[in-house]
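Engineer: need coordinates for the following:
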Amino acid sequence: MSTSSIDAVVLAAGRGTRLGGAIPKQYLPLGGRTVLARALDAFLAHPSVRRVVVVIGPDDRAALAAAIGDRIDRLAVVVGGDTRQGSVRAALDHLAADAPGAVLIHDGARPFVSAGLVDRVVAALQDAPAVIPALTVADTLKRVAGGTIIETVSREGLAAAQTPQGFHFAPFKAAHDRMSEMATDDAGVMEAAGHPVRIVEGERANFKITTEDDLAIARAALPARPAIGQGFDVHRIAPGGPMILGGIAIDYPFHLAGHSDADVALHAITDALFGAIADGDIGHHFPPSDPQWKGAASDQFLRFAAERVKAVGEIAHLDLTIICERPKIGPVREAMRARIAEIVGLPLERVSVKATTTERLGFAGRGEGIAAQAVATVLVRV
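Structural biologist: Predicted coordinates for the structure are as follows:
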């Protein structure tokens, strides 16, 4: 079998119900790219792969285009079935008109497949009709029912299957066409048809994202580059209290005037976070011309910015300086730190709040307004 006739199928039609959320897991951000984009790129870049087919849900074309950008022009897009087998069969039917010598089937929720792993599967396909990567089971296995252990299961001879799984195309398609019952993976189809399946060494990093914990582990596994953003904001002071500042209400006979609650401190931090990931500014995301933000609490702006950062990395540190003569910040400093840390989901020790005056110079010195500046240190996953 010539290695020039290997095609890859990446399955992305599933809904990812175990992870939850409105977006299927394959379209979730993972660093600067989506989960699916990382999986596809591994095959698009591999010299042994002739063409790549991505199998998607019937309503996912827009999500796919957003997830992978202009790389969509290098893919064949096939709408999948109601089951994994149905999706694989749809891809095989698409490939049959110009059938490859072999096909690789990969889960779109495994973003860290390496070129070396693809190499091992491809090499083993030279003299085996079916090949899968697998890992030796290291944990003790228990059979349970109703929350109680029934027995300890021997690990001897057990392996955990991964993808990409590779198959000679003709026997694999024939086995799929004959298969009526469900198989949990593609190797099971070949096993049921009586074909031997060879094992090559898998990789621990090639795990499937199934739960929130998996997604968190995947994001933490990415290399990171530091990025720094700065924010600055000013709001004038108007009669009537309380004053909303640093996410808390301060008993004071004046308030900050603005379209929202005018929390100058949270606005500065919000812009610092947007700046660190080059994601516009607070006016872009929450325009003051939009009436829905009239009187809005600024904690929602900051929470939104923090979520935007967490989609591509993590917040390492926040440093806020409030510039005013009054009110005095010292007595409420720790309450501000705690509230900001709560909003963005950071440990308290990674949030700094400071205050200074202008020695009675300028608008702040005259008590006409309050200014705030913030610096956000972010680790962007790449």
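
Engineer: all helices for the stretch 1-150 of the chain, in order.
Structural biologist: Using DSSP state H, counting those that start in this stretch, the helices of the stretch 1-150 of the chain run over 35-44, 61-68, 84-95, 115-124.

Engineer: of these, which is nearest residue 55?
Structural biologist: helix 84-95 (4.6 Å; Cβ to Cβ). From N, CA and C alone the C-beta is placed, and that goes for glycine too.

Engineer: what about stretch 96-116, start to end distance?
Structural biologist: 27 Å (Cα to Cα, to the nearest Å).

Engineer: and it, how far from the chain's centre?
Structural biologist: In terms of Cα atoms, centre = their mean, to the nearest Å, the centre of stretch 96-116 is found 22 Å from the chain centre.

Engineer: can you give me the mean pLDDT across that stretch?
Structural biologist: Averaged across stretch 96-116, pLDDT comes to 97.

Engineer: repeat that for stretch 304-321.
Structural biologist: 95.

Engineer: make TSV from the helices of the stretch 1-150 of the chain and add mean neighbour count and distance to residue 105 to it.
Structural biologist: Listed next are these as TSV, based on neighbours: other Cβ atoms under 10 Å; distance: least, Cβ to Cβ, whole Å:
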stretch	mean neighbour count	distance to residue 105
helix 35-44	24	11
helix 61-68	17	18
helix 84-95	20	6
helix 115-124	18	10
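
Engineer: closest to residue 346 out of these?
Structural biologist: Closest to residue 346 of the helices of the stretch 1-150 of the chain, according to Cβ to Cβ: helix 35-44, at 25.0 Å.

Engineer: can you redo the helices of the stretch 1-150 of the chain as CSV with distance to residue 286?
Structural biologist: CSV is the format used below for the helices of the stretch 1-150 of the chain (distance: least, Cβ to Cβ, whole Å):
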stretch, distance to residue 286
helix 35-44, 28
helix 61-68, 22
helix 84-95, 40
helix 115-124, 43
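
Engineer: and the ones you listed: which comes nearest residue 366?
Structural biologist: helix 61-68 (49.4 Å).

Engineer: residues in contact with that closest one?
Structural biologist: 12, 23-24, 26-27, 34, 36-37, 40, 54, 56, 72, 75, 77 (Cβ atoms under 8 Å, 6 or more residues apart in numbering).

Engineer: now the two most distant members of these.
Structural biologist: Greatest spacing in the contacts of helix 61-68, by Cβ to Cβ: 23 and 75 (20.0 Å).

Engineer: more neighbours: these two, which one.
Structural biologist: Neighbour count, other Cβ atoms under 10 Å: between residue 23 and residue 75, residue 75 has more, with 18 against 15.

Engineer: point out where the protein drops to low pLDDT.
Structural biologist: For the chain, residues meeting the criterion pLDDT under 70 lie at 1-4, 16-21.

Engineer: let me see the domain layout of it.
Structural biologist: For the chain, automatic domain parsing gives the domain ranges 3-221, 224-381.

Engineer: strands of the stretch 101-250 of the chain, start to end?
Structural biologist: For the stretch 101-250 of the chain, applying DSSP state E, counting those that start in this stretch gives strands covering 102-107, 130-136, 141-145, 148-153, 159-161, 165-168, 198-201, 224-239, 243-245, 248-250.

Engineer: re earlier: now the contacts of helix 61-68 in JSON lines, with distance to residue 251?
Structural biologist: As requested, the contacts of helix 61-68 are exported to JSON lines (distance: Cβ to Cβ, whole Å):
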{"residue": "12", "distance to residue 251": "55"}
{"residue": "23", "distance to residue 251": "43"}
{"residue": "24", "distance to residue 251": "48"}
{"residue": "26", "distance to residue 251": "50"}
{"residue": "27", "distance to residue 251": "47"}
{"residue": "34", "distance to residue 251": "47"}
{"residue": "36", "distance to residue 251": "51"}
{"residue": "37", "distance to residue 251": "51"}
{"residue": "40", "distance to residue 251": "56"}
{"residue": "54", "distance to residue 251": "58"}
{"residue": "56", "distance to residue 251": "56"}
{"residue": "72", "distance to residue 251": "57"}
{"residue": "75", "distance to residue 251": "60"}
{"residue": "77", "distance to residue 251": "60"}
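
Engineer: what's the closest of those to residue 265?
Structural biologist: residue 23 (31.8 Å).

Engineer: show me the contacts for the closest one.
Structural biologist: residue 63.

Engineer: how about the strands of the stretch 101-250 of the chain, which one is nearest residue 119?
Structural biologist: Using Cβ to Cβ, the nearest of these to residue 119 is strand 198-201, at 9.6 Å.

Engineer: and that closest one, which strands flank it?
Structural biologist: strand 130-136 (parallel) (DSSP bridges).

Engineer: which parts of stretch 375-382 are buried?
Structural biologist: Using 16 or more other Cβ atoms under 10 Å as the test for burial, stretch 375-382 gives 375-381.

Engineer: my bad, stretch 125-136
Structural biologist: Quick answer for stretch 125-136 (16+ other Cβ under 10 Å): 125, 128-135.

Engineer: same thing with stretch 276-283?
Structural biologist: For stretch 276-283, by 16+ other Cβ under 10 Å, it's 276-277, 279, 281-282.

Engineer: quick one on the thing from earlier: which two of the buried residues of stretch 125-136 have the greatest separation?
Structural biologist: Longest distance between any two of those is 22.0 Å, between 129 and 135; criterion Cβ to Cβ.

Engineer: ok, now which ones touch residue 176?
Structural biologist: So residue 176 contacts 85, 88-89, 92, 189 (Cβ under 8 Å, 6+ apart).
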